[in-house]
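A.B. asks: Could you look at this predicted model? Sequence included:
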Amino acid sequence: MEKIYKREDYLKKIRTFYNDYDLIKVITGIRRCGKSFFLKSVIEELKELGIKDKDIIYLELDKKEYKDIDTPSKLEKLIDEKITDQDFKYLFIDEIQNVVGFEPLINSYREEKNMSIFITGSNSYLLSGELVTKLTGRYIEIEMMTLSFYEYVDMKRFLGKEVNENIYIEFEEYIRNGGFPKSLYYDNYEDKILYTESVINQIFEKDIKTNNKIKDKDLFIRIEKYVINNFGARISTRNIYNYLKDVEKINIDRRTIERYLNILENAKIIYPCELFDMKSKEVLKGEKKYYLADLNIYYFLNTDNRINYGPVLENIIYTYLKSKNYKLSVGRIGKLECDFIARLNYDDYYYIQVSKDISNKETEEREYKPFYMIKELYPRYLFTMDLLLQKRDGINHVNIVDFLYNNKTL
C-alpha cells in the first residue's frame, strides 16, 4: 500500500471545505510539489470519516489511461460513467489543465449542488481570468509550496530514512537537495540530483517552452536565467532591459520582458515580492524582488554549488512564511531596507531581517539599523544561524534553523 505523507499545514486550510458543494477547491503550485499526494491524503481522511469508495471519484489526468481525455465532452462522459447513484459525491481531478475549456463543465457540476469538487493544476492559469469569470468567485485556492525544512525532516522520518543528529548538516543538505517531495525516496545523492533535474526539465518543457506567447525561446531563456541568478535582489524591467542591451547586445521591447516575467510567475517558478514604502504607505512601482519556488531551480541552472547564504536564507524564510499564509513585502525606509514585512490577517504585522550571522559588529549594526527607523510598534524579528542569541531592545533574535525545524510561527 502506498505511504502518503500528510502535509498538515495544507490540510488545516482545506478541512473546513470538505463537504462544501458551492466552493470549488483549487490546488495550485509548481509541478511535482506534492499536489497529487495532497489530494490522496484528503481522500484518505474522507474514508476515515466514513465516506464510501463509490462516492469518491479520482481522476489523475496525467496518467496514461486518461491521455485521450482532452476535451470537456470526454471529461463529462468519464465523470458521468463513474456516478452510479444519486448520493453526494467527492470529485478529484488532478492536472485539469490538460482539458482545454474545462471551466463551464466544472461549474455546471458545482451548480448541481450534489458534489464537492477538488481540482489541481501546475500553474496559475487555473486562476486566470477565464476561470475567475466562469466561477464568479465560487472557489478557494490552496497554494502549495515544495517541502519546508520541517516537512523535509519529518517526511524523511515518515519514510524510515536516516536523519542526521546534527540538524545543521541536515539543513545544509535541505538547501542543496531542495524540497521536491519525491526526491526523498532516493538515498543516493546523484539519484536525487537526477530526479530533481528531470522535474525541472519537465517544468520548463511543459509549463514554459510550449507557451505560445514565447516568440523567441533563446531570449526567454536569457531573461529566465537573469531573474533566477538574481533571486533575492531588487529587479526591474529597466534592469533587465539595460542588461540585455549593454551586455547581451539585444534590443527588446520592455513589454516583452514583462510578459516573459509573467509567464515565469504563472508557472510558479518565481514569486514576486513588492517593495513597500513605509513612509508613504504605498507599494513602490518598478522594482521587485523575486524568490524561487525551490532553491534547486537555481542549482539546476548553475554549476557553482556554493551557498550564498544571504539570498538563500531569505528565500527559505519567504517560502516558509508564505506556506503559513503570511503576505510578504519588502520594506523601504528612506535609503534602508527591511528584508520583509509579514502580514497575517488584517492587523498583525511583523518586521523581519535575515542574515547568516551577526558575529561581525558592522553586520550586526547594519541588520539592526532598519528596526530603529520603524515607528510602528509591531514585533521585530532578526533571523540568523547564530547559536548564541542576544537580547536587544525588545527585538526577537531567532535561530533560523531552530525556528524552521520546530515548525514555529511569528
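C.D. replies: Arrived safely, thanks for sending.

A.B. asks: Need the pLDDT of the most centrally placed residue in the chain.
C.D. replies: Averaging the C-alpha coordinates of the chain gives a centre point, and the residue nearest to it by Cα atoms, centre = their mean is Met145 (3.4 Å). The model reports Met145 with a pLDDT of 96.

A.B. asks: again with Glu111
C.D. replies: In the predicted model, Glu111 carries a pLDDT score of 93.

A.B. asks: Look up how far Ile316 lies from Gly178.
C.D. replies: With distances defined as Cβ to Cβ, to the nearest Å, the gap from Gly178 to Ile316 amounts to 11 Å. Using the backbone N, CA and C atoms, a C-beta is placed for each residue, glycine as well.

A.B. asks: shared neighbours of the two, anything?
C.D. replies: In the contact map built from Cβ atoms under 8 Å, 6 or more residues apart in numbering, the residues linked to both Gly178 and Ile316 are Leu295.

A.B. asks: related to what we said a few turns ago, does the residue nearest to the centre of the chain count as helix, strand or coil?
C.D. replies: At Met145, secondary structure determined by DSSP: H, G, I helix; E, B strand; the rest coil is coil.

A.B. asks: Equivalent analysis for the one 5 residues further on, please.
C.D. replies: Under the three-state scheme (three-state DSSP), the conformation of Tyr150 reads as helix.

A.B. asks: how about the nearest residue to it, chain neighbours excluded?
C.D. replies: Closest residue to Tyr150 apart from its sequence neighbours, by Cβ to Cβ, 6 or more residues apart in numbering: Asn407 at 4.1 Å.

A.B. asks: so how far is Arg176 from the one you found?
C.D. replies: Asn407 sits 21 Å away from Arg176 when distances are taken as Cβ to Cβ.

A.B. asks: Tyr186 - how many residues pack around it?
C.D. replies: Tyr186 has 16 neighbouring residues, counting by other Cβ atoms under 10 Å.

A.B. asks: could you list every residue that touches it?
C.D. replies: For Tyr186, counting by Cβ under 8 Å, 6+ apart, the contacting residues are Lys192, Tyr195.

A.B. asks: measure it to Arg254 for me?
C.D. replies: The span separating Tyr186 from Arg254 equals 43 Å under the rule Cβ to Cβ.

A.B. asks: repeat for Lys281
C.D. replies: From Lys281 over to Arg254 the distance is 28 Å, taken as Cβ to Cβ.

A.B. asks: for Lys215, what are its contacts?
C.D. replies: If a contact means Cβ under 8 Å, 6+ apart, then Lys215 has Thr256 as its contacts.

A.B. asks: repeat that with 6 Å
C.D. replies: Contact criterion Cβ atoms under 6 Å, 6 or more residues apart in numbering gives no residues in contact with Lys215.

A.B. asks: Repeat that for Thr146.
C.D. replies: If you count contacts by Cβ under 6 Å, 6+ apart, Thr146 has them with Cys33, Gly179, Phe180, Asp294.

A.B. asks: In a markdown table: the residues you listed, plus secondary structure.
C.D. replies: Converted to a markdown table, the contacts of Thr146 look like this (three-state DSSP):
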| residue | secondary structure |
| --- | --- |
| Cys33 | coil |
| Gly179 | coil |
| Phe180 | coil |
| Asp294 | coil |
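
A.B. asks: re the thing from before, counting neighbours, go ahead and name the busier of Lys281 and Arg254.
C.D. replies: The neighbour count for Lys281 versus Arg254, taken as other Cβ under 10 Å, is higher for Arg254 (12 against 7).

A.B. asks: Name the SS class of Lys408, please.
C.D. replies: Criterion first, three-state DSSP; result for Lys408: coil.

A.B. asks: Please give the number of neighbouring residues around it.
C.D. replies: Other residues close to Lys408 by other Cβ under 10 Å number 12.

A.B. asks: From here on, call the first residue 50.
C.D. replies: That works, and once the first residue is 50, the last one we named lands at Lys457.

A.B. asks: Helices of the stretch 300-449 of the chain, residue ranges please.
C.D. replies: Counting by DSSP state H, counting those that start in this stretch, the stretch 300-449 of the chain forms helices over residues 303-315, 345-350, 358-372, 410-422, 449-454, given from the N-terminal end onward.

A.B. asks: try the stretch 150-299 of the chain
C.D. replies: Assignment of helices within the stretch 150-299 of the chain using DSSP H, counting those that start in this stretch yields the ranges 152-160, 178-184, 198-207, 216-226, 238-251, 266-278, 286-295.

A.B. asks: Give me the buried positions along the third one.
C.D. replies: Residues Phe198, Tyr199, Glu200, Tyr201, Val202, Asp203, Met204, Lys205 are the ones in helix 198-207 that count as buried (16 or more other Cβ atoms under 10 Å).

A.B. asks: got it, and the fifth one?
C.D. replies: Buried positions in helix 238-251, judged by neighbour count with 16+ other Cβ under 10 Å: Lys241, Ile242, Tyr244, Thr245, Val248, Ile249.

A.B. asks: which ones are touching the fourth one?
C.D. replies: Spelled out, it's Thr245. With Cβ under 6 Å, 6+ apart, Thr245 has these contacts: Gly227, Phe229, Ser232, Asn345.

A.B. asks: Which residue is the nearest non-sequential neighbour of it?
C.D. replies: Using Cβ to Cβ, 6+ apart, the closest residue to Thr245 is Asn345 (4.9 Å).

A.B. asks: ok, now the third one?
C.D. replies: With Cβ to Cβ, 6+ apart as the measure, Ser232 is the residue that lies nearest to Tyr244, at 5.2 Å, once sequence neighbours are left out.

A.B. asks: Tell me how many other residues crowd the one you found.
C.D. replies: By the measure other Cβ under 10 Å, the count of residues near Ser232 is 21.

A.B. asks: Find me the pLDDT at it, would you?
C.D. replies: The per-residue pLDDT reported for Ser232 equals 94.

A.B. asks: most remote residue from this protein's center?
C.D. replies: Across the chain, with Cα atoms, centre = their mean, the residue at the greatest distance from the centre is Asp134 (38.2 Å).

A.B. asks: Look at that one and give its secondary structure.
C.D. replies: Recorded secondary structure, Asp134: coil (three-state DSSP).

A.B. asks: hang on, the earlier thing: can you tell me which of the contacts of Thr195 are buried?
C.D. replies: Buried by 16+ other Cβ under 10 Å: Cys82, Gly228, Phe229, Asp343, out of the contacts of Thr195.
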